[in-house]
Every structure is written in C-alpha cells, then in structure tokens.
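Participant: sequence and predicted structure below; questions after.
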Amino acid sequence: MAATSTTATVTPLLIHLLRGATDHASVAATHAKLLKVGTASAVSSCNHIIAAYCRCGVTARAHDLFDGMPERDVISWTALMSGYSSTGRPRLAVSLLRDMSHSGVPPNAFTFSTAVSACARLADAGLGRKVHARAEVEGYASDAVVATALVDMYGKAGDVEAARAVFDGMAAPARNAVSWGSMLSVYAQNALGREAIQLFAEFRTKGNFMAPNHFMLSSVVNACAGVGRLGVGKSVHGTALRFGHGCNGVIVVALVDMYSKCGFYEYSRKLFDRIEHPSVICYTSIIVAAAKYGLGRCALTFFNEMIDRDVQPNSVTLLGVMHACSHSGLVDTGLHLLHSMQSKYDIHPCASHYTCAVDMLGRAGRLEEAFELANEAQVEGRDALMLWSSLLSACRTHRRLDLATRAAHRVSEFNQDVAGALVVMSNAYTSAGQTDNAAAVWSNMRRRGIQKDPGCSWIEIKDIPYVFYAGLVSPSGARAGEVMMLLDELEGKMREKGYKGGLGSSRVFDAHEEDGEDGKGEMVGVHSELLALGFGLLVIPKGMTITLQDGVMFLQ
DNA sequence: GTAGGGTTAG
C-alpha cells in the first residue's frame, strides 16, 4: 500500500523533472528512477522519456526505448519523428510516417505537421507533395498548423505557387499571424521582395487588425533589402517601433542589413552603435555592410572588437571579413585569415572561403598564387565551378590568356552550367585579338546546344520597369543611340581620371555625376547594368540617387 | 508527451 502511494506521488514529479531536463545525463538519471519506481513502462511515461532523449539529441536511446514498447500510440511515433527531424535526419522522420501506418496507428495533425516540416528541412517538394496528399486524404490538410507547415515546406522547396495555393486555400479564421508570416517569408526567401511587400500591405488591411509580430516584420525588412525599397523599409521600421519591436535583435539585424543594401551605410552604423551586446549575426551584418562600402579597415576593427568581447565568429563572419579584405586590397590580411581560421577560431575553411581568397588574389593580379590555392582547395561540384569561373574571369581581366585557357579547362571538367565561363573565355580571346578562337568557342557552344541566358537589368521610373539585355543596344523606344554615346563619354572620363573602366555592382551613383569605382578590365560588349544605368542617367532628374544592386536599379 | 514562421554570405 505504502509502495503504491509512493509511486503515485513520485511519478508526476519525475515526469516534471524529465520535461525540464536538457542534457543526456539528467534524462538518463530520471529514466533510471522511473524504472526503479516501476512506472517507466507505461505508454505515457515512455513517451515522455522518448521526447526527453530526443530533446537532448540522443535519438538512438529514444529509438531503443521505442522499439522495446509493447504498444505505441500516435504520440510515441510523432515524438520520435520530431526527434529525427530536428537532429538532422529528416528523411528518416518521414519514413516513420509509412511505418506507423503499417503498424496500424493512424497519424493525427501533429504527425502531419511534423512530417511536413521534415520535408521542409529536406527542401524536397516531391516528398512533401506525397505527405500533403496523404494529409488531404486523412482530412488534416486544412488544419491551420498543417497548412502553415505546408506553406513553409513548398516555399523552402522553391515552389512558391504551391505555397501560395495552400495559403489561399486556408479559411480566413485559420489564417493567423504565423500563417501570414510563413507566406511572407516564402516570398522573402525566394527573392520575391515585391510580392512580400504587397502581401504585408494586404495583411495590414485584411488581416483582421492582427498586430504584426517580429517574425513578419523581419521578413518584410529583409524583402525591402532584397529589392532596395528604402521607403517601405523605413516605414516598416516605424511600424516595428510602434509595435514595440524596435529592440528585437532579429529585426535590428534585418534593418542594419536593409539600410546598408539600400545605400545608407550611415543608418546601419547608427543602428548598430546603439546595440549594447551585438550578436555574431549583428557583427557579421555590419562587417558585410562595411565590406560592401569598401571600408575594409573598418570591417577589421569590428572583427577585432567582437573577438575582444568574446563573441565567437562563425563561418559567415569569416567570409565577410575576407570579402572586406578582398574589396579593400588587404590581400595578405585576407590570406592570413584563411590560413588561421581553423587554429584561431575553430572554423574549417570551406569552398566559399577558398573561392573568396582565389578571387582576392585574382583581383590583385596574383594569378599564379591564385592558381596554386585553387589547386590546393579540396572543392567539388558546383563549388568548384564557381571557384574556377572566378579565376577565369580574373585571368581575362588581367589579360593572361595562357592562364585563362587553363582555368577554362578546369571549368569544363565539371560539365555543369558552363555557359557563363565559355562566354568569359570567348571574351578573353576577343580581348587578346584572337577573334577566330572567340568564334570557335561560340560555334562549339552552338554545336553542344549550350545557351547563355542574356544578363538582364531593369530600371524603374515612375513604377514602369524598363528592361535591358546584355549586348542589345536597341530596346524599343529607349533612346539607344543616346545611351551608348553617354556611356562612351563616361568611360572616357573614367579613363582620364585613371580608372581602368568597368562598373561593379552594389554601388551608389549620383545622377550625372558618377563616383569612382575600383572595377577592373574594359567593356567587352555592353553590360546590361550599364545600359539600364545609362538610360536612367538620361531620363531621371539631376541629383536623384540611383542604387545599383545585383543588376537591378533603384531610384531614391 | 508530439506541431507552424524570422536575422548574417555568394
């Protein structure tokens, strides 16, 4: 009798302990006590223990326990599934969905949302569609959480239309702040900033007066950064302040990033300076911003400051600092970072760090060293394509046809999307006066059916986009002759001032008065950005600012 | 006991 009452009072206490446990040792200790008391084998106890092991990442123990259960309910299956999904084995999580059906336990809404989120982690729309179909058959697809997970899954898998279809299919009451936020981030993550901004406006008018939360606000700010909409970004900044999210770390980071991408480094700097304890991401963000503005030494100061303040840098931070070095000609500092990041910060240099370093050496004209490093780097697949393509461009810029040929050879080994590299190679031959070889590259491309999508840029003037394609100087009605004359004139002026010509991306120009630039190499053919910029310079009022960003132009 | 969204790079 005494034993029974002890069991009855002790078990809930132990379960409570399990819920709060975050490390393997304490979960195992509590598990042992439950075994002693004799209540560890009840289905509900087992579920708690499984969940606890999963929470601290010990899925193997959880699975052992699961295997030993005489019967399992939907929670046992879902808990294990969730454990695998959140510890980097989402495919295994999805396969449990099939197993549980075979064992006669029907899934519920929790199970489907877990399975869908595992598909999201895999970014596998094919698998996601299968799970979606099953949820539909079982009647759970209209559940708010399942539907929101589906929106997120399709978005992460790049199928924006499917995400929107699920979102549109949700009944109005089922659309809560999370589902709006999820759809918003789908647009933001898929580089559809305009759509994200539009959806946010829709939310403000049709969202039943729901208050925007920090998830949504950071997505919208991010969208504004992506499309250079400073005006909207500022107003969202105001909204964030009004709703008390002005101090939210994630929003502040997004704002720092947005202002710098919209051409206002000073605002980024001001915001950053007000942050008391900047996170790694905050530091990374301001370092990247400084790098973009050619403030290499400033970026290094931020980096040293974060190290002094015991903020551990990550792989992205190091890449940002290296970019800063690259864009400010601090080549040896950048190389030193590459070689010391493992020992100093315990960060293993990956393909992007090597690509950045190779690009840095290439820009500086240290092509032999760049080759040596590129050969040393153990890089494969698409990463290798990027690395060698970047080196190829540098060879062309520095008119080293011999090395360009070698780089082009390496690029062709990857047999992937080599069109861009072949165009660079053909341009390299043209620059060297070897027009026959240039023509041979083109005919080779035609024979192999390789096509290069023409680069395209556009400029928005009074909400009308004017689109320009690389090399095509006659967009309908867009004053082609004048554009070309203006570009020639500008290029001439740049040469007079000693610039080697060429215009980079992410630079701010004042209309009719162009800032200096450190780009190298000369114009071969006509870049689409230049066409759009030239057109903009002709038609927009003097003194207005044009921001160039990855081939898109904005007026402010 | 099991479920949904956000920030940094290229």
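Facilitator: That came through fine.

Participant: the helix or strand harbouring A:Phe112: which residues count as buried?
Facilitator: In this structure, A:Phe112 sits in helix A:109-122 according to DSSP states H and E. The neighbour-count check on helix A:109-122 (16 or more other CB atoms under 10 Å) flags A:109-122 as buried. (C-beta placed from N, C-alpha, C; glycine too.)

Participant: stretch A:65-83 too?
Facilitator: In stretch A:65-83, the ones that count as buried by 16+ other CB under 10 Å are A:65-66, A:72, A:75-83.

Participant: and what of stretch A:329-336?
Facilitator: So for stretch A:329-336, counting by 16+ other CB under 10 Å, buried means A:330-331, A:333-335.

Participant: what residues sit buried inside stretch A:176-192?
Facilitator: A:176, A:178-190, A:192.

Participant: can that stretch be found next to DNA strand B?
Facilitator: Yes. Using CB under 7 Å from any atom of the strand, we find that stretch A:176-192 touches DNA strand B at A:176-179, A:181-182, A:185, A:188-189.

Participant: can I get those residues in CSV with secondary structure, pLDDT and distance to A:Gly231?
Facilitator: Shown next, in CSV, are those (DSSP: H, G, I helix; E, B strand; the rest coil; pLDDT from 0 to 100; distance: CB to CB, whole Å):
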residue, secondary structure, pLDDT, distance to A:Gly231
A:Asn176, coil, 92, 29
A:Ala177, helix, 93, 25
A:Val178, helix, 95, 28
A:Ser179, helix, 95, 27
A:Gly181, helix, 95, 22
A:Ser182, helix, 96, 25
A:Ser185, helix, 95, 21
A:Ala188, helix, 95, 17
A:Gln189, helix, 94, 22
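
Participant: redo those as TSV? Include distance to A:Lys156.
Facilitator: Converted to TSV, those look like this (distance: CB to CB, whole Å):
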residue	distance to A:Lys156
A:Asn176	20
A:Ala177	19
A:Val178	15
A:Ser179	15
A:Gly181	14
A:Ser182	10
A:Ser185	9
A:Ala188	12
A:Gln189	7
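
Participant: could you pull out the strands for chain A?
Facilitator: A:456-461, A:464-469, A:508-510, A:545-549, A:552-555 (DSSP state E).

Participant: which of those strands comes out lowest on mean pLDDT?
Facilitator: Mean pLDDT is lowest for strand A:508-510 among those, at a mean of 28.

Participant: start to end distance for stretch A:62-79?
Facilitator: 9 Å (CA to CA, to the nearest Å).

Participant: returning to that earlier point: and which of the buried residues of stretch A:65-83 is nearest A:Asn304?
Facilitator: Lowest distance from A:Asn304 to the buried residues of stretch A:65-83 (CB to CB) belongs to A:Gly83, with 40.6 Å.

Participant: what's the nearest residue to that closest one if we skip its chain neighbours?
Facilitator: Of all residues not flanking A:Gly83 in the chain, A:Cys54 sits nearest, at 2.8 Å (CB to CB, 6 or more residues apart in numbering).

Participant: with A:Cys298 instead?
Facilitator: In space, and not counting its chain neighbours, A:Cys298 is closest to A:Ala290: 4.5 Å by CB to CB, 6+ apart.

Participant: ok, the one you found - contacts?
Facilitator: Taking CB atoms under 8 Å, 6 or more residues apart in numbering, we find A:Ala290 in contact with A:265, A:296, A:298-299, A:302, A:324.

Participant: also A:Ala223?
Facilitator: Contacts of A:Ala223 (CB under 8 Å, 6+ apart): A:184, A:187-188, A:192-194, A:196-197, A:200, A:229.

Participant: can you tell me which of those are in helices?
Facilitator: Here DSSP state H is the test, and the contacts of A:Ala223 give A:184, A:187-188, A:193-194, A:196-197, A:200 as lying in helices.

Participant: which of the residues you listed sit farthest apart?
Facilitator: The most widely separated members of those, counting by CB to CB, are A:Leu184 and A:Arg194 (12.4 Å).

Participant: just the closest residue of the stretch 301-450 of chain A to DNA strand B, please.
Facilitator: Nearest residue of the stretch 301-450 of chain A to DNA strand B: A:Val316, at 4.0 Å (CB to the nearest atom of the strand).

Participant: gap between the closest residue to that residue other than its chain neighbours and DNA strand B?
Facilitator: Nearest non-adjacent residue to A:Val316, counting by CB to CB, 6+ apart: A:Thr284, 5.3 Å away. Note on A:Thr284: its distance to DNA strand B, by CB to the nearest atom of the strand, to the nearest Å, is 4 Å.

Participant: thought A:Thr284 was touching A:Thr317?
Facilitator: Yes. A:Thr284 is within contact range of A:Thr317, at 4.4 Å (criterion: CB atoms under 8 Å).

Participant: up against DNA strand B, what does the stretch 101-250 of chain A have?
Facilitator: Counting by CB under 7 Å from any atom of the strand, the stretch 101-250 of chain A sits next to DNA strand B at A:108-111, A:113-114, A:117, A:120, A:143-146, A:148-149, A:152, A:176-179, A:181-182, A:185, A:188-189, A:213-216, A:218-219, A:222, A:225, A:248-250.

Participant: which of the buried residues of stretch A:65-83 come close to DNA strand B?
Facilitator: Near DNA strand B, by the rule CB under 7 Å from any atom of the strand, you find A:75-76, A:78-79, A:82 out of the buried residues of stretch A:65-83.

Participant: make JSON lines out of those and add distance to A:Pro90 and pLDDT.
Facilitator: Output for these, formatted as JSON lines (distance: CB to CB, whole Å; pLDDT from 0 to 100):
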{"residue": "A:Ile75", "distance to A:Pro90": "19", "pLDDT": "97"}
{"residue": "A:Ser76", "distance to A:Pro90": "19", "pLDDT": "97"}
{"residue": "A:Thr78", "distance to A:Pro90": "14", "pLDDT": "97"}
{"residue": "A:Ala79", "distance to A:Pro90": "15", "pLDDT": "97"}
{"residue": "A:Ser82", "distance to A:Pro90": "10", "pLDDT": "97"}
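
Participant: for these, work out which two are farthest apart.
Facilitator: Every pair of those checked by CB to CB; the farthest is A:Ser76 and A:Ser82, at 11.1 Å.
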